[in-house]
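**Student:** my questions are about this predicted structure, shown below with the sequence.
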Amino acid sequence: MASVEQSPGGASRKAGIQTWLKRIFVRLGILPFLIVIAVIVFTAMSDNFLTGRNLMNILRQSVYLTIVSLGQMLTLLTGGFDLSVGTIVALSSVVGAVVMASVYSAMPDAVYLAIALGFFAGVLAGSLIGVVNAAGVAFFNVSPFMMSLGMASVGFGIALYLTGGVPVYGLPIEFSDVFGFGNFLGIPSPIWIAGLIVVALWVYLYKTPQGRHFYAVGGNIKAAKLSGINVRGTLFQAYVLCAALAATAGMLLTARLDTGDANIGASMPLESIAACVIAGVALRGGVGRLENVVLGALFIGLVQNGMNLARIESYLQTVMLGGLLILAVIADQIRLRYVASLKD
Amino acid sequence: MPAPLLATRAITKDYPGVRALDRVDFDLREGEVHVLFGENGAGKSTLISMLSGANRPTSGHIEFKGTVAELNSVHHARELGISAVFQEFSLVPQLTVEQNLFLGAEHRGGLFLKASGMRREAKQLLDDLDFHIDPKAQVYRLSRAEQQMVEIAKAFRSELSVLILDEPTASLTDHEADQLFRLIEDLTGRGVGIIYITHRIAEIERIADRITVLRDGRYVTTIEASDADEDRLVELMTGREVGAIFPSLPTMDPGEEILRLEDLWTQDETLCGVNMSIRRGEIVGCAGLVGSGKSEALQAAFGALPFSSGTVIYKGERVAQPKPGRSIRSGFMYLPADRHDAGLMLERPARENFSVAALDLPPFRNGLFLSGRGERQRAAELATALNLSPNQPERTLDHFSGGNQQKVMLGRSLTRPVDLAVFDEPTVGVDMGTRQAIYAFIANLAQKGAAVVIVSSDLPEILHLTHRAYIFYRGRIQAELAGSDLTEEAALANFFEQDAA
Ligand SMILES: Nc1ncnc2c1ncn2[C@@H]1O[C@H](COP(=O)(O)OP(=O)(O)OP(=O)(O)O)[C@@H](O)[C@H]1O
Ligand SMILES: [Mg+2]
């Protein structure tokens, strides 16, 4: 029997679009909508927003947050979080810069040795904070909240103590030339590095058993244990990797700024958690996709860039960011309600 | 004829991708026990979720005492006198038993809580039910069965006209269930209507007045309990005839000993000197009351529970400190009783819940990496073999019915080679048809040379499915029954203390 075709009247088409939007919302969450709205608003507010150059700018500016957010996502997946990512960025910047500057001044000819040693020292210092976090969470059952909050204070204190609160200068110019302002095939070097990290982490998370273990531990820690998963090892890895990624971001930022500074990264904890939550990573653990987190970080970068172009005051920008975070959480709740009402 | 106490008219409920209920008419009379019966995923829990105010129908309506009732919330339904014990618990684990009992209906004196009154009443309530639980105990410390008792007590608390019980005896033994049945009788005598969901035929025979059968979300029929027998019910439920529930046991030629426990103790004395021996090819049962230590012994051997002294010998080697990971890799699999608490990742797809304990092996693994294709294929095979409904391995697990979630967890024992499999309450909430399939696969496992242990509070399961059974009492093995000695009378006699024999 032939089915009766309905003539596409205005009303039914509108209803069709509505369910279609609802379906996108249920599947992908609020992020696609926020991005579309943000692009429309900022394009209207500034002519310079929707240009190839500015978009590349956004991409480059978001690199640091993207890398930190990816680490944050790992801890969120296991059902925790890391409030010390800001401190890790700062500490790695300071330690890396001090080591690099002193090696460079001792051996002005060995530029690349200085850069390599400095980079390594910075990442190592940051990762050590992660090791302490990881030990507390995985072996002493300290809540991630207290552990990382405490370490945020410890790390920040060390960074200030090492530098007396003064920025560290005297880095070799090649460092910022390569890692801060470098360009390869027309794409800035920080974007290349972030891209490599995204690909490597994607493979790790989705193609190896260890990646799956993050989801299992966050999904149900007892079930994971009874299934023979090394729960402690998994938690340990999450915090150490998170710190190593934040430290890498810290070194890239140092290259960009050409100084080591204890005061960078303060907004990282809030922004990285916001990027994850907006991207649908569940705070209770076990749920979240890497691709979406990258988009979430880009979205925050996009909003900041747009607000700058639209000359919105930086204090108000902070207000906006907090508001967006709360909006995302509310939207997620609404989404859960829709899931039940929508037939697919 | 008077209006029914509670009724649904053409009630329909849609979930994403499934119509869980399709125009169902159901009515409950005063003073009757009305059993809802049907396969896993038939829509029983969905129906009562709407009757208890936890969920709203997509279409159709509910009538309470002859008038249309909009039940907005569980709280609202309670105020009308409709109270429910859900299949999945709604207790706050960090609070104590008495705090949970009075949650949302605390006694107050002015602005403040009246603790003493609540304590007295909680104690009274638990005593009336003859449930031996400390009102001051924190709920997360209780076993699943004890939590179930608290859940039941909570429903008894308010002024009742309708009581809804969704598989309330799923992890209770007969003794505890008896208390509940006595109370139900008491309530029906006072005109309270009871809706009772169960997969156990024996319970239906014992307490039901009428039975409504659901299949695939549709109403099939309502029959008088006197007209019902096992074959008829199963046929109505599945729409086909199902043979014997229990398989014929694989003939036993006991192989080598695979696990031996010697004088096992735990710190808190849930185990006080347990000795066991399990051989390849046999199916061994562990029975006993709630808290008797029947599941703890094997948890300790597996590594899920620390023990303070004693010896575990697995495959001829002493294991000083068992660890779940090591146990599983050497072929010892333990599947827990409480699927939500310790078994499943509810927000992950069924596929990942199948594979989680075998990610180190093919077909799930391919060298260093996971094999997406192998995993999807194996998950699809398992879903079909276990008759998962709906058959969608990518669906997240909280969108499956309770019995289907159970199937996913059991499926884990088929993902890797096992030499010793321990099933703790394997058929909690599983329908007759599926139960038959699960029993068959357990028998098959033993046939292929694995040792199987079944920890169960369902006595028929122990009697018909095991070669040999240990009966636990207060952390000790009270008796070991085998062959023709393994009878209901013998088992029950050992459930309770024996005076010097
Ligand atoms: N929250 C939910 N979201 C989506 N689908 C659901 C949800 N809860 C149940 N379903 C679906 O609705 C159908 C009926 O489920 P229901 O829980 O009512 O079954 P049941 O008869 O209680 O089964 P069981 O005996 O296994 O408890 C099933 O197909 C199930 O997959
Ligand atoms: Mg159910």
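**Tutor:** Cool, the structure landed. What you see is a predicted model; the values in this text were computed from it and never measured. Ligands and ions are numbered 1, 2, ... in the order given.

**Student:** so residue A:301 is in which element?
**Tutor:** Using DSSP states H and E, residue A:301 sits within helix A:290-309.

**Student:** does residue B:66 really touch residue B:9, like I thought?
**Tutor:** No - Residue B:66 is not in contact with residue B:9 according to Cβ atoms under 8 Å; the separation is 11.9 Å. Yep, even glycine has a C-beta here, placed from its N, CA and C like the rest.

**Student:** the more surrounded of those two?
**Tutor:** residue B:9 (15 against 11; other Cβ atoms under 10 Å in any protein chain shown).

**Student:** please report phi then psi for that one.
**Tutor:** phi -120, psi 110 (degrees, to the nearest 10).

**Student:** again, but for residue A:207
**Tutor:** Main-chain torsions, residue A:207, degrees, to the nearest 10: phi -120, psi 0.

**Student:** residues touching it, list them.
**Tutor:** B:369-370, B:372 (Cβ atoms under 8 Å, 6 or more residues apart in numbering or on different chains).

**Student:** repeat that for 6 Å
**Tutor:** B:369-370 (Cβ atoms under 6 Å, 6 or more residues apart in numbering or on different chains).

**Student:** residues of chain B that sit close to ligand 2?
**Tutor:** Residues of chain B lying near ligand 2 by Cβ under 5 Å from the ion: B:45, B:87, B:402.

**Student:** could you find the lowest-pLDDT member of these?
**Tutor:** Here the lowest pLDDT out of the residues of chain B next to ligand 2 sits on residue B:87, with 78.

**Student:** taking the residues of chain B next to ligand 2 one by one, which sit in helices?
**Tutor:** Among the residues of chain B next to ligand 2, the ones falling in helices (DSSP state H) are B:45, B:402.

**Student:** report how many residues lie close to residue A:267.
**Tutor:** Neighbours of residue A:267 (other Cβ under 10 Å): 15.

**Student:** can you report phi and psi for it?
**Tutor:** phi -90, psi 0.

**Student:** show me what contacts the residue lying closest to it once chain neighbours are set aside?
**Tutor:** Among residues not flanking residue A:267 along the chain, residue A:86 sits closest, at 7.0 Å (Cβ to Cβ, 6 or more residues apart in numbering or on different chains). Neighbour list for residue A:86: A:265-266, A:268-269 [criterion: Cβ under 6 Å, 6+ apart].

**Student:** please apply the same query to residue B:357.
**Tutor:** Residues in contact with residue B:357 (Cβ under 6 Å, 6+ apart) are A:227-228, B:328, B:412.

**Student:** most neighbours, which of the residues you listed?
**Tutor:** Among these, residue A:227 has the most neighbours (other Cβ under 10 Å), with 28 neighbours.

**Student:** give me the three-state assignment for the nearest residue to it once chain neighbours are set aside.
**Tutor:** Nearest non-adjacent residue to residue A:227, counting by Cβ to Cβ, 6+ apart: residue B:357, 3.9 Å away. Following DSSP: H, G, I helix; E, B strand; the rest coil, residue B:357 is assigned to helix.

**Student:** tell me how far residue B:357 lies from residue B:373.
**Tutor:** According to Cβ to Cβ, to the nearest Å, residue B:357 stands 20 Å off from residue B:373.

**Student:** for the residue nearest to residue A:267, phi and psi?
**Tutor:** Backbone torsions for residue A:86, taken as degrees, to the nearest 10, come to phi -60, psi -50.

**Student:** what's the neighbour count on the closest residue to residue B:359 other than its chain neighbours?
**Tutor:** Spatial nearest neighbour of residue B:359, chain neighbours left out: residue A:209 (3.9 Å); criterion: Cβ to Cβ, 6+ apart. Neighbours of residue A:209 under the rule other Cβ under 10 Å: 19.

**Student:** quick check: residue A:209 touching residue B:362?
**Tutor:** No - the pair residue A:209 / residue B:362 is not scored as a contact, 11.8 Å apart, by Cβ atoms under 6 Å.

**Student:** now the residue nearest the centre of chain A: how far from residue A:207?
**Tutor:** The centroid of chain A falls nearest to residue A:69 when counting by Cα atoms, centre = their mean (1.6 Å). The gap separating residue A:69 from residue A:207 is 21 Å, by Cβ to Cβ.

**Student:** equivalent analysis for residue B:297, please.
**Tutor:** Taking Cβ to Cβ, one finds residue B:297 at 40 Å from residue A:207.

**Student:** ok, now residue A:100?
**Tutor:** 35 Å.

**Student:** and what of residue B:406?
**Tutor:** Residue B:406 is 30 Å from residue A:207, by Cβ to Cβ.

**Student:** can you check residue B:349 too?
**Tutor:** 17 Å.

**Student:** pLDDT on stretch B:408-423, on average?
**Tutor:** Here the average pLDDT along stretch B:408-423 is 92.

**Student:** meant to ask about stretch A:90-106
**Tutor:** Rounded mean pLDDT across stretch A:90-106 is 95.

**Student:** again, but for stretch B:309-320
**Tutor:** Here the average pLDDT along stretch B:309-320 is 94.

**Student:** so what's the gap between the helix or strand where residue B:285 lies and the chain middle?
**Tutor:** Residue B:285 belongs to strand B:283-288 when assigned by DSSP H and E. Put simply, strand B:283-288 sits 17 Å off its chain's centre (Cα atoms, centre = their mean, to the nearest Å).

**Student:** give me the residues contacting the following helix or strand past it.
**Tutor:** Remark: after strand B:283-288, the chain's next helix or strand is helix B:296-302, criterion DSSP H and E. With contacts defined as Cβ under 6 Å, 6+ apart, helix B:296-302 is touched by B:261, B:264, B:270-271, B:274, B:305, B:307, B:312, B:327, B:334, B:422, B:453.

**Student:** show me which helix or strand of chain A is least confident by mean pLDDT.
**Tutor:** The helix or strand of chain A with the lowest confidence, counting by mean pLDDT, DSSP states H and E, is helix A:10-28 at a mean of 75.

**Student:** the inter-axis angle of that helix versus helix A:290-309?
**Tutor:** Between helix A:10-28 and helix A:290-309, the angle comes out at 110 degrees (axes from the mean of the first three to the mean of the last three Cα atoms, to 10 degrees).

**Student:** output the contacting helices and strands for helix A:10-28.
**Tutor:** Applying 3 or more Cβ pairs under 6 Å, 6 or more residues apart in numbering or on different chains; DSSP states H and E, we find helix A:10-28 packed against helix A:314-341.

**Student:** which non-adjacent residue is nearest the residue of the stretch 251-400 of chain B found nearest chain A?
**Tutor:** Residue nearest to chain A within the stretch 251-400 of chain B: residue B:345 (2.9 Å; Cβ to the nearest Cβ). Sequence neighbours aside, residue A:219 is the residue nearest to residue B:345 in space, at 2.9 Å (criterion: Cβ to Cβ, 6+ apart).
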